[in-house]
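Chemist: compute the structure for the input listed below.
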Amino acid sequence: MPVPSPAVFERLRTFAAVDTTEDRDTRAITEVFTGNTLGSVPVGNADDVTAAVGKARAAQAEWAARPAKERAAVFERYRALVVENREYLMDVVQAETGKARWAAQEEIMGLIFAARYFARVAPGLLDAHKVAGAFPLLNRASVRAVPKGVVGVIAPWNYPMLLSIGDSIPALLAGNGVVVKPDSQTPYSSLANAELLARAGLPRDLFAVVTGPGTVVGTAIVDQCDYLMFTGSSATGRTLAEQCGRRLIGFSAELGGKNPMIVTSGANIDRAAKAAVRACFSNAGQLCISIERLYVDRSVASEFTEKFVAAVKNTTIGASYDFSNSVGSLISEAQLETVSKHVADAVSKGAKVLVGGNARPDLGPLFYEPTVLTEVTDAMECGRNETFGPLVSIYPVENVEEAIARANDTEYGLNASVWAGSKSEGEQIAARIHAGTVNVDEGYAPAWGSTGAPMGGMGISGVGRRHGPDGLLKFTESQTVVVTRFLNLDAPPLVSQEKWQPLLMGIARAIRFLPGR
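Modeler: Next up is the predicted model:
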């Protein structure tokens, strides 16, 4: 298997914004497929964050002064470098995460889409625009987008390139500096892109990747940044939101999901069953927007279950740096333990395993079979809690109304999938689902890949949105500038207040007749 050479990882560690002039502890990074060591990165501390934030803040002033088109050109060059180096980038992310190559390619495509979209729309969104002033002719009003300053990005391990760099792109294009804390298991994915961004012409001090534990590096970033972007669990999101609230800084987060799929009696069962495999088991189910609950109309439940289970049985699982396997490895012992416990708990309480249900140490230390359960209840750990692994449950339902009610019976609200007899019926069902994104006749990828549309969660699945105009403008402050011409609101010479104030009120009342007022 073509793992990048040790020299590659040694080079990438030099892009970590950590002071290594003194003796520093290092953390070994392992290849998930085998458990072998890829290399090591220095363990950063709060002082490293302070230094990185200081450098980013100094560089940000000059960067923000550049025209938005000039900033966008950097990310056009970066996009080209991602395309050129896509095979290498997929090797790096596979080595760190153990995901199948097609799931690694999703990350590369996401980076390409994000760089292209935000580079294209940023100049227009960031340009100052005129609005109606309080008093026509007397006031000329405009609104401009001012960068926050230094944005902190705390990124997860499951999609470590896309969810660190993909969020950094709009923050940087908006004129900010960025300090990233990658997950300690997957630092090279961020560092590989830091190298490409530097090659594209992004100032080195403007973008920093500080490797180290979340309790130290993450906390220091929250204490010093001007805005925080986080992707991770709902529990951690609550804690970070409280910390940001105490500092009165902005906060955006994509959090957990217990995502439903609805299959109606009129759906194309062959297509739905095949697509459900990807929807449920992408990155071995370690995806916030993957499907964990399948609500299938009872009239077609047997047919769907038979075809879905057959498709899962035909899924190839294994370690390879090519497209020969559909499902890869879990990332850690902790994830393997969670999946194993959820399955064992469900079976002990009466659930039935239709396929899977076993760890696969013969394939590698952290592999687990794609698993399908039935007769799952809320008393089971996997009933209402996110597993974040290759585990999905099928629930026959009497009709669409029950399917919608059960799909919405959750604290989460991140993503959903609908398969119906027609596109219009699917859209009508989608409009009633309590989720930030809903895919009709697909699982998750089209909604995620529609970078011009906002993406995020309802309920405990998140705060704010990534993608779309909001995904860029959230990293800015709106500033209103109003220029007063001819005369101000003081009474003109030789006009008393008794006469001036009624005249002002008359003008204010007359304004309502003007277009757009």
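Chemist: need phi/psi at V178.
Modeler: phi -140, psi 140 (degrees, to the nearest 10).
Chemist: any idea how far it lies from E70?
Modeler: Counting by Cβ to Cβ, to the nearest Å, the gap from V178 to E70 is 17 Å. Just so you know, the C-beta spots here come from the backbone N, C-alpha and C atoms, and that holds for glycine as well.
Chemist: which of those two has more residues huddled nearby?
Modeler: Using other Cβ atoms under 10 Å, the more surrounded residue of V178 and E70 is V178, with 28 against 12.
Chemist: for A100, which non-adjacent residue is closest in space?
Modeler: In this structure, A100 finds its nearest non-sequential neighbour in G328, 4.1 Å apart by Cβ to Cβ, 6 or more residues apart in numbering.
Chemist: what about that neighbour, neighbour count?
Modeler: Counted with other Cβ under 10 Å, residues neighbouring G328 total 31.
Chemist: same deal with A61?
Modeler: A61 has 12 nearby residues by other Cβ under 10 Å.
Chemist: do the same with D25
Modeler: Neighbours of D25 using other Cβ under 10 Å come to 10.
Chemist: mind listing what's buried in the biggest helix by length in the chain?
Modeler: In the chain, ranked by residue count with DSSP state H as the criterion, the top helix is helix 101-126. Using 16 or more other Cβ atoms under 10 Å as the test for burial, helix 101-126 gives 101-115, 117-119, 121-122, 125-126.
Chemist: hey, where'd the strands end up in the stretch 301-450 of the chain?
Modeler: 352-355, 371-374, 391-397, 415-419, 437-440 (DSSP state E, counting those that start in this stretch).
Chemist: hang on, I meant the stretch 151-300 of the chain
Modeler: 177-181, 207-209, 227-231, 250-254, 259-263, 291-297.
Chemist: want to throw those into CSV with distance to R238 and mean pLDDT?
Modeler: As requested, the strands of the stretch 151-300 of the chain are exported to CSV (distance: least, Cβ to Cβ, whole Å; pLDDT from 0 to 100):
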stretch, distance to R238, mean pLDDT
strand 177-181, 18, 98
strand 207-209, 26, 98
strand 227-231, 11, 98
strand 250-254, 9, 97
strand 259-263, 20, 98
strand 291-297, 21, 98
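Chemist: ok, which of the ones you listed comes nearest G457?
Modeler: strand 250-254 (6.2 Å; Cβ to Cβ).
Chemist: tell me how far the closest one is from the chain's mean position?
Modeler: Chain-centre distance of strand 250-254: 10 Å, with Cα atoms, centre = their mean, to the nearest Å.
Chemist: alpha carbons of it, as CSV, please.
Modeler: Provided in CSV are the C-alpha atoms of strand 250-254 (Å, rounded to 0.1, in the frame of the first residue of the first chain):
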residue,chain,number,x,y,z
GLY,A,250,-19.4,34.7,17.9
PHE,A,251,-19.7,31.0,17.7
SER,A,252,-20.7,28.6,15.0
ALA,A,253,-20.8,24.8,15.2
GLU,A,254,-21.9,21.7,13.4
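Chemist: what sits closest to P365 if chain neighbours are left out?
Modeler: The shortest distance from P365 to any non-neighbouring residue, by Cβ to Cβ, 6+ apart, is to G35 (5.1 Å).
Chemist: so that neighbour is in contact with E333, correct?
Modeler: No. With contacts counted by Cβ atoms under 8 Å, G35 stays clear of E333, the gap being 10.3 Å.
Chemist: residues contacting T211?
Modeler: 16, 18, 27, 41-44, 181-182, 184, 187, 191, 217 (Cβ atoms under 8 Å, 6 or more residues apart in numbering).
Chemist: for G237, that is, sorry about that
Modeler: Contacts for G237 (Cβ under 8 Å, 6+ apart) come out as F230, A253, L255, I460, G462, V463.
Chemist: quick one: mean pLDDT for whichever helix or strand comes after the longest helix of the chain?
Modeler: Downstream of helix 101-126, the first helix or strand assigned by DSSP states H and E is strand 129-131. Across strand 129-131, pLDDT averages out at 91.
Chemist: what strands flank strand 129-131, and is each parallel or antiparallel?
Modeler: Applying DSSP bridges to the sheet, strand 129-131 is found paired with strand 139-147 (antiparallel).
Chemist: what does the partner strand rub up against?
Modeler: Residues outside strand 139-147 that contact it (Cβ under 8 Å, 6+ apart): 60, 64, 125-126, 128-134, 174-176, 473, 475-485.
Chemist: buried ones in that strand?
Modeler: Those would be N139, A145, P147, for strand 139-147 by 16+ other Cβ under 10 Å.
Chemist: ok, now how distant is the first one from G237?
Modeler: Looking back up the chat, that one is N139. 42 Å.
Chemist: ok, Q501 next?
Modeler: 51 Å.
Chemist: E306 now?
Modeler: Counting by Cβ to Cβ, the gap from E306 to G237 is 39 Å.
Chemist: picking up where we left off before, so which of the strands of the stretch 151-300 of the chain gets nearest E31?
Modeler: The nearest among the strands of the stretch 151-300 of the chain, by Cβ to Cβ, is strand 207-209 at 20.2 Å.
Chemist: now that closest one: buried residues?
Modeler: Buried residues in strand 207-209, defined by neighbour count with 16+ other Cβ under 10 Å: F207, A208, V209.
Chemist: who touches the first one in this structure?
Modeler: So the one you mean is F207. Applying Cβ under 8 Å, 6+ apart, we find F207 in contact with A56, S168, L172, G177, V178, V180, A194, L197.
Chemist: where does A28 land in three-state SS?
Modeler: strand (DSSP: H, G, I helix; E, B strand; the rest coil).
Chemist: run a quick neighbour tally on it.
Modeler: A28: 10 neighbours (other Cβ under 10 Å).
Chemist: for N408, same thing?
Modeler: 16.
Chemist: and the closest residue in space to it that isn't next to it in sequence, how far is that from L414?
Modeler: Excluding the flanking residues, the one nearest N408 by Cβ to Cβ, 6+ apart is H434, at 4.6 Å. According to Cβ to Cβ, H434 and L414 sit 10 Å apart.
Chemist: A301 too?
Modeler: 25 Å.
Chemist: neighbour count winner among the two?
Modeler: Taking other Cβ under 10 Å, A301 and L414 do not tie; L414 has more neighbours (28 against 20).
Chemist: quick one, helices of the stretch 251-400 of the chain?
Modeler: For the stretch 251-400 of the chain, helices defined by DSSP state H, counting those that start in this stretch occupy the ranges 269-281, 298-313, 333-348, 381-384, 400-407.
Chemist: for P6, find the nearest of those.
Modeler: Comparing the helices of the stretch 251-400 of the chain against P6 with Cβ to Cβ, the closest turns out to be helix 333-348 (24.1 Å).
Chemist: show me what the closest one packs onto, helices and strands only.
Modeler: strand 371-374, helix 381-384, strand 391-397 (3 or more Cβ pairs under 8 Å, 6 or more residues apart in numbering; DSSP states H and E).
Chemist: just checking, what packs against the second one?
Modeler: Packing contacts for helix 381-384, counted by 3+ Cβ pairs under 8 Å, 6+ apart, involve helix 333-348, strand 391-397.
Chemist: what are the buried residues along the shortest one?
Modeler: The neighbour-count check on strand 391-397 (16+ other Cβ under 10 Å) flags L391, V392, S393, I394, Y395, P396, V397 as buried.
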